[in-house]
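Undergrad: the sequence isn't on hand, but the structure is:
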């Protein structure tokens, strides 16, 4: 079993910043990609940012230049630094971690419980 514990959400005014953290624990052998998704009311969950084990990153177009994803492999933790927040960033943010038991083996997808981010105008 792999557990993900998220923290760092909250209420912030437009233009403000928040930093999300997600720590993975449990039966972890290899961590592949780590990242963040979000889901706003009435909308589908969407990818916000991901970072591979080789530190390659991928971002949703609307957050490029404002959000930064990073990871601490020693702590099995992924972060999302969110700057210049906008009301349209309001959503529940979910951490996602993909693990493997061996190189080339099947990939397992794990999700955090979600943390609310609310940006007021």
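TA: That came in fine, so what should we check first? What you see is a predicted model, and the numbers here were worked out from it, not measured in a lab. Numbers count the residues shown, from 1 in each chain.
Undergrad: show the pLDDT at residue 56.
TA: Predicted confidence (pLDDT) at residue 56: the value is 97.
Undergrad: sorry, slip of the keys, the one I care about is residue 29.
TA: Here the pLDDT value assigned to residue 29 is 86.
Undergrad: do the one 5 residues further on as well
TA: In this prediction, residue 34 carries a pLDDT score of 97.
Undergrad: and for residue 73?
TA: Looking at residue 73, its pLDDT reads 93.
Undergrad: against residue 29, how distant is the residue nearest to the spatial centre of the chain?
TA: Centrality entry for the chain: nearest residue to the mean C-alpha point is residue 36, 2.3 Å, by CA atoms, centre = their mean. Look at residue 36 and residue 29: by CB to CB, to the nearest Å, they are 22 Å apart. For glycine as for every other residue, the C-beta is placed from the backbone atoms N, C-alpha and C.
Undergrad: same thing with residue 46?
TA: Going from residue 46 to residue 29 by CB to CB gives 29 Å.
Undergrad: what does residue 44 give?
TA: Counting by CB to CB, the separation of residue 44 from residue 29 is 31 Å.
Undergrad: give me the more crowded residue out of these two.
TA: Under the neighbour definition other CB atoms under 10 Å, residue 44 and residue 29 were set side by side, and residue 29 has more, 10 against 7.
Undergrad: that older thread, residue contacts, the residue nearest to the centre of the chain?
TA: Remark: with contacts taken as CB atoms under 8 Å, 6 or more residues apart in numbering, residue 36 is in contact with 20, 22, 47-50, 69, 78, 80, 93-96.
Undergrad: quick one: buried ones out of the residues you listed?
TA: Buried residues within the contacts of residue 36, counting neighbours by 16 or more other CB atoms under 10 Å: 20, 22, 48-50, 69, 78, 80, 93-96.
Undergrad: show me the strands in the chain, by range?
TA: Taking DSSP state E as the criterion, the chain carries its strands at 2-7, 10-13, 18-26, 30-39, 46-51, 57-59, 67-72, 77-82, 91-100, 108-111, 115-120.
Undergrad: go through the ones you listed and pick out the most buried.
TA: Of all these, strand 77-82 carries the top mean neighbour count, a mean of 23, counting by mean count of other CB atoms under 10 Å.
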